[in-house]
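Chemist: Just the structure for this:
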Amino acid sequence: MSRSNLPSRTLLSLFTAAGFSSLAHAQVGAASDKQGIEELEQRLLVLERKLEIQNEEAVTKAKDAPVVSAAEKGFSLKNAKGDVELRFTALGQIDHRAFIDDDGAFRDGFVTRRLRPTLQGSLSKLVGFRFTPEFAGTTGTGDSASIVDAYFDLKFHPAASLRAGKQKGLLGLERLQSGGAISLTERGYVTELVPNRDLGVMLCGELAQSTVSYAVGVFNGTTDGRDVAQADDGLKEFQGRVFFEPFKNDYGFFKGLGVGLAASSGAKDGAGNNFVARYRTPGQNQFFTPNEAGVVASGKHTRYVPQAYFYRNNVGVLAEYAVSEQDLTRGGTERSLKSDGYNVLASFVLTGEDASYRGLKPAMPYTIGAPGWGTVELVARVGALEVGDEAFAGATTGATANRLANPTSQAKKAESYGAGINWYLTQNAKLSADYNFTQFEGGGGGTAAAPLDRRDEKAVFTRLTVQY
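Modeler: Numbering: from 1, shown residues only. Okay, the predicted model is just below:
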């Protein structure tokens, strides 16, 4: 090989070596980049999986999280399944009572009629509960500070639920209405003849696609119109009610018709407010009680109460009749004292909403600075309560005195006529005003042979109701 070719060959070798070196470095770099990409992809997959797990956990937590709500019907807290719930509701009513031409016989003024917070709900699909204290203390009304409801439900089936504890009596149709839904400020005379609240066990349910409802129970028993919270004489009372709404699921003329019958049978043995009746007017003034010394309940006490209502568009009618018959003893003589009473109540909704047994909900609630005036309802009621003649019969003096009541101080009969107006501003607020005129037979002095009639009672009641 000649010297002239050496440099060129050397340069060629150098370039060739450099090329191979660059190619090797490029291959190494490419391999390194590929590995980095794979590592990055792996990291992205891991991150995506972590995000999926987090999302799954969030969805699971959301499914198990309690649901809190606040609405017109109260506040509630319940689990996601809806079978465990705690609800808080309340009813408050402030009244003003005024009596016309009574010469100061009755006291005018403001009264806290009801102040009732309520805790109710369910512990499962089976177990329910309700607890309602009463913080209003109104002397003579039967609603003094106390526990008005305290019971548990075992809801086996819509056709059969068991309720145990202090609860409303089963007999009166108006009695079973909520205090916030009644049409006049005070219930009528039939409510004076049936138990208010009692302590016991009841089985109730609905049958035939909810067109038939029933309730039967055994209770401690109490006198007409009153509460009882404990076993005061060891005796028991059986109560039952069946109510039919045959056209409830139709859309015909009689859809809002309901008729029923309630009855009770038991016994009382003793003296005092839970044993002997005290009857009041719609003005909440007592007009009759067996007031002679030594009168005691001494045996059987029965009641029966036929009842009905009919609601059609903006018109409603509610009617019921009650008979209460109780054995009373004085001076060794036992008598069966029979009292009966009735109410017929009519309502007309001026603003066009449908009348209802369960109260009204304004289609256009009252709103400040905007359209909407709420719902206006006119109501009227006639009713009477009469005590049997046997209450005033018998000897009045001596060792054999056995008369149950003095006709000069206790009226034999009260008959009332009432009218009123209700303004539902919203579902939660209602203003009411009504006038009740009551006439009496007896109880106004004179002599036992010729008792005078008590002065007519003219009561004007107004009320603010707030409920949620």
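Chemist: Please report how far the residue nearest to V296 when sequence neighbours are not counted lies from A297.
Modeler: Residue nearest to V296 in three dimensions, not counting chain neighbours: A271, with 4.4 Å by Cβ to Cβ, 6 or more residues apart in numbering. The way it works is simple: take the backbone N, C-alpha and C, and place the C-beta from them, glycine included. Distance of A271 to A297, given as Cβ to Cβ, to the nearest Å: 7 Å.
Chemist: What count of nearby residues applies to the residue nearest to V296?
Modeler: Here the number of neighbours of A271 (other Cβ atoms under 10 Å) works out to 16.
Chemist: And G418, by the same measure?
Modeler: 25.
Chemist: Now N285. Nearest residue, chain neighbours left out?
Modeler: Spatial nearest neighbour of N285, excluding adjacent residues (Cβ to Cβ, 6+ apart): F106 at 6.0 Å.
Chemist: That neighbour belongs to a strand, doesn't it?
Modeler: No. In this structure, F106 is coil, not part of a strand, as judged by DSSP: H, G, I helix; E, B strand; the rest coil.
Chemist: Look up phi and psi at it.
Modeler: phi -120, psi 150 (degrees, to the nearest 10).
Chemist: residues touching it, list them.
Modeler: Listed by Cβ atoms under 8 Å, 6 or more residues apart in numbering, the contact partners of F106 are 97, 99, 283, 285, 457, 459.
Chemist: Closest one of the residues you listed to G369?
Modeler: R97 (33.8 Å; Cβ to Cβ).
Chemist: Show me the beta-bridge partners of the closest one.
Modeler: Beta-bridge partners for R97, by DSSP bridges, are G109, F461.
Chemist: TSV please, covering the contacts of F106 and showing neighbour count.
Modeler: Output for the contacts of F106, formatted as TSV (neighbours: other Cβ atoms under 10 Å):
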residue	neighbour count
R97	21
F99	18
G283	24
N285	19
E457	23
A459	25
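Chemist: K412 touches F288, doesn't it?
Modeler: Yes. Taking contacts as Cβ atoms under 8 Å, K412 lies within contact range of F288: 7.4 Å.
Chemist: anything in contact with each of these two?
Modeler: If you check K412 and F288 against Cβ under 8 Å, 6+ apart, the residues they both contact are 387, 391, 443.
Chemist: And the strands in the stretch 1-150 of the chain?
Modeler: Per DSSP state E, counting those that start in this stretch, the stretch 1-150 of the chain carries strands over the ranges 67-71, 74-78, 85-99, 109-122, 127-134, 146-157.
Chemist: Sheet partners, orientation included, of the first one?
Modeler: Using DSSP bridges, the neighbouring strands of strand 67-71 in the sheet come out as strand 74-78 (antiparallel).
Chemist: okay, K412 and F288: which has more neighbours?
Modeler: Comparing K412 with F288 by neighbour count (other Cβ under 10 Å), the higher total belongs to F288, at 26 against 22.
Chemist: roughly how far apart are that one and G169?
Modeler: With distances taken as Cβ to Cβ, F288 is found 20 Å from G169.
Chemist: D327 now?
Modeler: Distance, D327 to G169, by Cβ to Cβ: 20 Å.
Chemist: Among those two, which residue is more densely surrounded?
Modeler: Taking neighbours as other Cβ under 10 Å, D327 and G169 compare with G169 leading, 29 against 18.
Chemist: what does whatever helix or strand R463 lives in contact?
Modeler: Assigned by DSSP states H and E, R463 belongs to strand 457-467. The contact list for strand 457-467, computed with Cβ under 8 Å, 6+ apart, reads 89-102, 106, 113, 180, 185-186, 281-283, 285, 428-438, 440.
Chemist: Any of those buried? List them.
Modeler: Buried members of these, scored by 16 or more other Cβ atoms under 10 Å, are 89-95, 97-99, 102, 106, 113, 180, 185-186, 281-283, 285, 428-430, 432-438, 440.
Chemist: Could you check how many residues crowd around G137?
Modeler: When neighbours are defined as other Cβ under 10 Å, G137 has 13 of them.
Chemist: tell me the pLDDT at it?
Modeler: G137 carries a pLDDT score of 70 in this model.
Chemist: what's the answer for A62, then?
Modeler: pLDDT at A62 comes out at 64.
Chemist: Repeat that for the one 5 residues further on.
Modeler: Note on V67: pLDDT of 87.
Chemist: quick one: contacts for it?
Modeler: With Cβ under 8 Å, 6+ apart, V67 has these contacts: 76-80, 82.
Chemist: nearest to T132, of the residues you listed?
Modeler: Closest approach between these and T132, by Cβ to Cβ: S76, at 16.2 Å.
Chemist: Need the per-residue pLDDT for that closest one.
Modeler: As predicted, S76 sits at a pLDDT of 91.
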